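>>> Sequence and predicted structure, then a few things I'm wondering about:
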2 protein chains.
Amino acid sequence: MPEARHFHEELAELKNKLLVMSSLVEASIQKSIQALEERSPTLAREVFDDDKVIDQMEIEIDECGIRLMALDQPVAVDLRMLFGVLRINNDLERIGDHSVNIAERALRLAEAPFLKQLVDIPRMAAIVQSMVKDVLDGFVQEDPEKARATCKRDDEVDELDDRFIRALLTYMMEKPSVITQAMDLIIISKNLERIGDLATNIAEDVVFIYQAKTIKHHIDKKED
Amino acid sequence: MPEARHFHEELAELKNKLLVMSSLVEASIQKSIQALEERSPTLAREVFDDDKVIDQMEIEIDECGIRLMALDQPVAVDLRMLFGVLRINNDLERIGDHSVNIAERALRLAEAPFLKQLVDIPRMAAIVQSMVKDVLDGFVQEDPEKARATCKRDDEVDELDDRFIRALLTYMMEKPSVITQAMDLIIISKNLERIGDLATNIAEDVVFIYQAKTIKHHIDKKED
């Protein structure tokens, strides 16, 4: 059995680290979209730098969590929490990578003529940002229903992504000279769509932590 | 301490399940590319069906692993193995999702005029398939070096993907009527590139399991 005080202190610290990590990741999405909107290479490069910090934090949280698991051998709810924290950690790091992908395209687009279709991106970005924020709030507030509600908004993101790409394809056919920039916008849209998927993964982790249920792949199955 | 016989039997069974899962995932990549090459909607639909089985296996392996972790409270090398198996499990499931994405595009392309650029896809697919196979072999043969060698081939995949997309962009500009199909090929290429990334993640897990090292983000750091 875990030595209660020690273990729970360490776990609380680990959760705090995860929240710092999630603020960094949320900021990285925000900054990558701002780099795109403001055509700012400086902001885009900040996203690359911030991602190094995010990567380092992921390793730290991973190592802490694995050490805690090995030393304190938690069971039941504590084990689920620890396990869930490590999964959320991995998903947050992947979201950071998508911000980097977006910033890379923003950097290229800052040099190219402005494409009006860009205005649809911030709307999609706002939804995925709120999804990431809400699943983390659900985690902090021990409110799995709040996290679960996020999954529904993922359908909206998928639909926006589909519509955006279809519109851009039509535009590319009419005006082949914009193909390169349009492709960059499509890749950005796809990255936002992936962030939505990862927010959904995190929601599943939050439900797993607090309700001991697996809701992956829409199979609502009791865990233990 | 884990009750040795029981725990190691269960762990062996879990590893076997993971190998079955990896065969299914390898087959799903293969089948999605074959669906593309042979313009076969039937094969594409098989990929969708197979993915349901893969999703179900992921849940089973996850549940088994978490239960084993809770009941037997393994430490050190056993804990690392169990933890590593669960990570590989998640990554394999994600690879399965990419096969589905490829099959979806293959289904659409089967209805559209043939695009000669398609011939570059199987080459890239062959590399990522061998990457997935080799990391799993590295896992089975307890050979982290074999798994680690895989990471290098990921650079080749990234380069092929870049070159392929650049060539297609040029082609789209010359011939806007093919934009929709060309875009499908680009999305397929991107999905293969992501499979390469996930194979690299698995390689990192194999190194973690057998060498207790974190090699993520190219930081070569001893774990304990």
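Good, I have the coordinates. Numbers count the residues shown, from 1 in each chain, chains lettered A, B, ... in the order given.

>>> Now do the contacts for the closest residue to A:N101 other than its chain neighbours.
Distances taken as Cβ to Cβ, 6 or more residues apart in numbering or on different chains put A:N191 closest to A:N101, at 4.8 Å, once the chain neighbours are dropped. (Each C-beta comes from the backbone N, C-alpha and C, glycine too.) Going by Cβ atoms under 8 Å, 6 or more residues apart in numbering or on different chains, A:N191 touches A:H98, A:N101, A:I102.

>>> Those residues in helices, which ones?
A:H98, A:N101, A:I102 (DSSP state H).

>>> ok, the second one - how many residues close by?
By other Cβ atoms under 10 Å in any protein chain shown, the residues close to A:N101 number 18.

>>> What residues does it make contact with?
A:I187, A:I188, A:N191.

>>> any idea how far B:E174 is from the residue located most distally from the centre of chain A?
When distances to the mean C-alpha position of chain A are computed (Cα atoms, centre = their mean), the maximum falls on A:E174, with 34.4 Å. Here A:E174 is placed at a distance of 15 Å from B:E174 (Cβ to Cβ, to the nearest Å).

>>> A:I54 now?
40 Å.

>>> Kindly report the same for A:D184.
With Cβ to Cβ as the criterion, A:D184 and B:E174 are 19 Å apart.

>>> Quick check: A:D137 is in a helix.
Yes: A:D137: assigned to a helix according to DSSP: H, G, I helix; E, B strand; the rest coil.

>>> So which residues on chain A come close to chain B?
Listed as neighbours of chain B in chain A under the rule Cβ under 8 Å from any Cβ of the partner chain: A:55-56, A:58-59, A:62-63, A:66-67, A:69-70, A:73, A:75-76, A:79-80, A:83, A:87, A:90, A:165, A:169, A:172-174, A:176-177, A:179-180, A:183, A:186-187, A:190, A:214, A:216-217, A:219, A:221, A:223-224.

>>> mean confidence for stretch A:44-55?
The average pLDDT within stretch A:44-55 is 97.

>>> which parts of that stretch are buried?
Across stretch A:44-55, burial judged by 16 or more other Cβ atoms under 10 Å in any protein chain shown covers A:A44, A:E46, A:V47, A:D50, A:D51, A:I54, A:D55.

>>> Return the distance of the helix or strand hosting A:E9 from the chain's centre.
According to DSSP states H and E, A:E9 maps onto helix A:4-37. Distance, stretch centre to chain centre, for helix A:4-37: 11 Å (Cα atoms, centre = their mean, to the nearest Å).

>>> which helices and strands does that helix pack with?
The helices and strands touching helix A:4-37, judged by 3 or more Cβ pairs under 8 Å, 6 or more residues apart in numbering or on different chains; DSSP states H and E, are helix A:41-72, helix A:76-109, helix A:120-140.

>>> center of chain A - which residue?
Centre-most residue of chain A, counting by Cα atoms, centre = their mean: A:I95, 3.7 Å.

>>> check contacts around it.
Taking Cβ under 8 Å, 6+ apart as the test, what A:I95 contacts is A:V25, A:S28, A:I29, A:V132, A:I195, A:L198, A:A199.

>>> related to what we said a few turns ago, can you pull the pLDDT of the residue farthest from the centre of chain A?
Taking A:E174 on its own, its pLDDT is 90.

>>> That one: what's it in contact with?
B:P176.

>>> Next: A:M172.
A:V178, A:I179, A:A182, B:M172, B:P176, B:I179.

>>> quick one: low-confidence parts of chain A?
Applying pLDDT under 70 to chain A flags residues A:1-5, A:213-224.

>>> List the buried residues in stretch A:117-126.
Applying 16+ other Cβ under 10 Å to stretch A:117-126 flags A:Q117, A:L118, A:D120, A:I121, A:M124, A:A125 as buried.

>>> I should have written stretch A:158-175 there, sorry.
A:L160, A:D161, A:F164, A:I165, A:L168, A:L169, A:Y171, A:M172.

>>> Quick one: those residues as TSV, columns for secondary structure and distance to A:H6 too.
Formatted as TSV, the buried residues of stretch A:158-175 follow (DSSP: H, G, I helix; E, B strand; the rest coil; distance: Cβ to Cβ, whole Å):
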residue	secondary structure	distance to A:H6
A:L160	helix	47
A:D161	helix	46
A:F164	helix	51
A:I165	helix	52
A:L168	helix	55
A:L169	helix	58
A:Y171	helix	60
A:M172	helix	60
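
>>> just to revisit the earlier point, can you tell me which of the helices and strands packed on helix A:4-37 is most buried?
Between those, helix A:76-109 has the highest mean count of neighbours, a mean of 22, where neighbours are mean count of other Cβ atoms under 10 Å in any protein chain shown.

>>> how distant is that one from the center of its chain?
5 Å.

>>> Now do that helix against helix A:41-72, angle only.
160 degrees (axes from the mean of the first three to the mean of the last three Cα atoms, to 10 degrees).

>>> wait, what's in contact with A:E93?
A:M21, A:V25, A:I54, A:D55, A:E58.

>>> how about 10 Å then?
A:21, A:25, A:51, A:54-55, A:57-59, A:61-62, A:198, B:216-217 (Cβ atoms under 10 Å, 6 or more residues apart in numbering or on different chains).

>>> Restricting to C-alpha, output stretch A:84-92 in PDB.
Extracted in PDB, the C-alpha atoms of stretch A:84-92 (Å, rounded to 0.1, in the frame of the first residue of the first chain):
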ATOM      1  CA  GLY A  84      -4.700   8.800 -16.500                       C
ATOM      2  CA  VAL A  85      -2.300  11.700 -15.800                       C
ATOM      3  CA  LEU A  86       0.400  10.000 -17.900                       C
ATOM      4  CA  ARG A  87      -2.000   9.500 -20.800                       C
ATOM      5  CA  ILE A  88      -3.200  13.100 -20.700                       C
ATOM      6  CA  ASN A  89       0.500  14.100 -20.500                       C
ATOM      7  CA  ASN A  90       1.200  12.200 -23.800                       C
ATOM      8  CA  ASP A  91      -1.800  13.700 -25.500                       C
ATOM      9  CA  LEU A  92      -0.900  17.200 -24.500                       C
END
